[in-house]
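Student: sequence below, structure please.
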Amino acid sequence: MGNAINKLIDHYSNVEKKKKSEYKFGKVLGCGSFGVVRECINKQTKEVYADFFEDKHKFYIILEKCEGGELFYTVVKNKCLLESESIQIVRQICCALEYLHSRNIIHRDIKAENFLFKNKNTKSIKLIDFGMAKKVNCEYLTELCGSPHYISPELIRKKYTISSDIWALGVMVFFMLTGKYPFEGKNTPKVVDEILNKNINWKSKEFSSLSVEAVDFLKKLLERNEKKRLTAYQALNHPWIKPQVE
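Tutor: Numbers count the residues shown, from 1 in each chain. Okay, the predicted model is just below:
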């Protein structure tokens, strides 16, 4: 994922040389609060990108186009993922978070819907949707944002840091391995209440098929005390992940 980011930075460095006429614009891929994303093809190289242009101010964003679909739908389709498959995916996610957090950037919307597979024949995965990302200094953040099932206890209390991303990672890994969320209230207030108060029974039958290392990994991500929660770097070095790194 680091190489992809470096390529993106290299592309940005030449942004002033890029002209709209170099691209053939195609279908709309999605719309959000901050703009519209269209498929575009470089007329010379024939490469397909997700791209953004703002003619008046010459602001360009060139992104890879991912055609493998959302992680969310892959989990739903299969009901849950095997540990071996999950480890391969989670390792990449931890690398992305470690990269962001080492630069004091919090994503604030980590969820299965915001990870796309590069294509349908690979487990290479990309983090998307940085609309709520923010540079963090030493202060606590207070803005309430994110998706209900994934928000951390401290985010609910409106006093949080980059560790809130790690809680969301825990929710996502739980979803990947079990096919459901750890906190599944019937409505948002009940979900919030469970996030703050529900104690997960780690000895229940639903975890019996998981390895000891996987359960320990989940416990240390879904730690309500953010000071005791794993960092992204520590997550990468956890026994459940580390054998895949060495």
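Student: scan this structure for its longest helix.
Tutor: Ranked by number of residues, the top helix in the chain under DSSP state H is helix 83-102.
Student: what's downstream of that helix, the next helix or strand?
Tutor: Next in sequence after helix 83-102, counting helices and strands by DSSP states H and E, comes strand 105-106.
Student: other residues contacting the helix or strand following that following strand?
Tutor: Going down the chain from strand 105-106, the next helix or strand is strand 115-117, by DSSP H and E. Strand 115-117 has contacts (Cβ atoms under 8 Å, 6 or more residues apart in numbering) with 66-72, 74, 89, 93, 123-128. Bear in mind the C-beta positions are built from the backbone N, C-alpha and C, glycine included.
Student: list the buried residues in the longest helix of the chain.
Tutor: 83, 86-98, 100-101 (16 or more other Cβ atoms under 10 Å).
Student: over to stretch 121-140?
Tutor: Quick answer for stretch 121-140 (16+ other Cβ under 10 Å): 124-129, 136.
Student: thought F72 was touching I125?
Tutor: No - the pair F72 and I125 fails to qualify as a contact (Cβ atoms under 8 Å) at a distance of 11.7 Å.
Student: show me the shaky parts of this structure.
Tutor: 1-20, 32-35, 48-63, 243-246 (pLDDT under 70).
Student: go with 50
Tutor: For the chain, applying pLDDT under 50 flags the ranges 12-13, 15-17, 58, 244-246.
Student: residue ranges of each domain in it, please.
Tutor: For the chain, automatic domain parsing gives the domain ranges 7-64, 71-244.
Student: go over the secondary structure and confirm R38 is in a strand.
Tutor: Yes - the assignment for R38, made by DSSP: H, G, I helix; E, B strand; the rest coil, places it in a strand.
Student: would you tell me what the next helix or strand after the host helix or strand of L155 is?
Tutor: If you go by DSSP H and E, L155 is part of helix 153-156. The first helix or strand that comes after helix 153-156 along the chain, using DSSP H and E, is helix 163-178.
Student: can you give me the angle the next helix or strand after that next one makes with helix 163-178?
Tutor: Counting by DSSP H and E, the next helix or strand C-terminal to helix 163-178 is helix 188-197. Counting by axes from the mean of the first three to the mean of the last three Cα atoms, to 10 degrees, helix 188-197 points 100 degrees away from the direction of helix 163-178.
Student: list the contacts of the helix holding L155.
Tutor: For helix 153-156, using Cβ under 8 Å, 6+ apart, the contacting residues are 144-146, 160-161, 163-164, 167, 192, 195-196, 224, 226.
Student: change it to 6 Å
Tutor: Residues outside helix 153-156 that contact it (Cβ atoms under 6 Å, 6 or more residues apart in numbering): 160, 164, 192, 195-196, 224, 226.
Student: can you check stretch 199-210 too?
Tutor: By Cβ under 6 Å, 6+ apart, the surrounding residues in contact with stretch 199-210 are 178, 182, 215.
Student: that stretch: end-to-end distance?
Tutor: For stretch 199-210, the first-to-last residue distance is 19 Å (Cα to Cα, to the nearest Å).
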